[in-house]
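Q: quick check, what structure comes out for this input:
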Amino acid sequence: MSIATYSYPTYVRASADQVWSALTDADLTARYWGHANVSDWRPGSRWQHVRTDGSGVADVVGRVLAAEPPTRLVITFGEPSTDDGAATEPSVVTFLVEPYRDIVRLTVTHEKLPDAQALRDVAHGWPAVLSNLKTLLETGEALPQRPWETAPAEAP
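A: Numbers count the residues shown, from 1 in each chain. You can find the predicted model right below:
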């Protein structure tokens, strides 16, 4: 049974098409996420979050539930053992890309999280990943260190 939903918006000085490419182009995701997101991005298709170390290992897999370029992408998100009907139901991630003049609001919503630890993990991971995406699109370079490798912020 899922316990939580996590939502995080960020604002990027980029076009909706640039943000869409940053979410769906394997070469771009490899630059800011440390993994290549590989798929043809058609509804029903499989997607894989493949390590960039040359091993070919996919740490996360899922299915494309909806793809409406350049404004909305919905995917399932699970461990390779949980894809396609295994015992644990994968979570669902929605990327909403909303253009506004010269900027885009990119909101990631992660639903059907199985427990409090998963909520803590995504609350640490998504801001780090989206900050790196934003930096890459706005400067042409990803951050010099992988932000998700920092210790999670401690609550006051």
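
Q: when you work out contacts or count neighbours from here on, use the C-alpha atoms and nothing else.
A: Fine.

Q: any idea how far residue 98 is from residue 120?
A: Going from residue 120 to residue 98 by Cα to Cα, to the nearest Å gives 26 Å.

Q: quick one, what contacts the closest residue to residue 137 other than its chain neighbours?
A: Excluding its sequence neighbours, the residue lying closest to residue 137 (Cα to Cα, 6 or more residues apart in numbering) is residue 14, at 6.7 Å. By Cα atoms under 8 Å, 6 or more residues apart in numbering, residue 14 lies in contact with 102-104, 137-138.

Q: for this protein, which helix is longest?
A: The residue-count maximum for a helix in the chain (DSSP state H) belongs to helix 116-139.

Q: shaky segments in this protein?
A: The model of the chain has pLDDT under 70 over residues 1-2, 82-87, 154-156.

Q: hey, where'd the helices end up in it?
A: 16-24, 26-33, 116-139.

Q: between the ones you listed, which one is nearest to residue 46?
A: Nearest to residue 46, of all those, is helix 16-24, at 12.7 Å by Cα to Cα.

Q: follow-up on the earlier one: so can I have CSV of the helices of the chain showing mean neighbour count and distance to residue 149?
A: Listed next are these as CSV, based on neighbours: other Cα atoms under 10 Å; distance: least, Cα to Cα, whole Å:
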stretch, mean neighbour count, distance to residue 149
helix 16-24, 19, 20
helix 26-33, 20, 11
helix 116-139, 17, 9
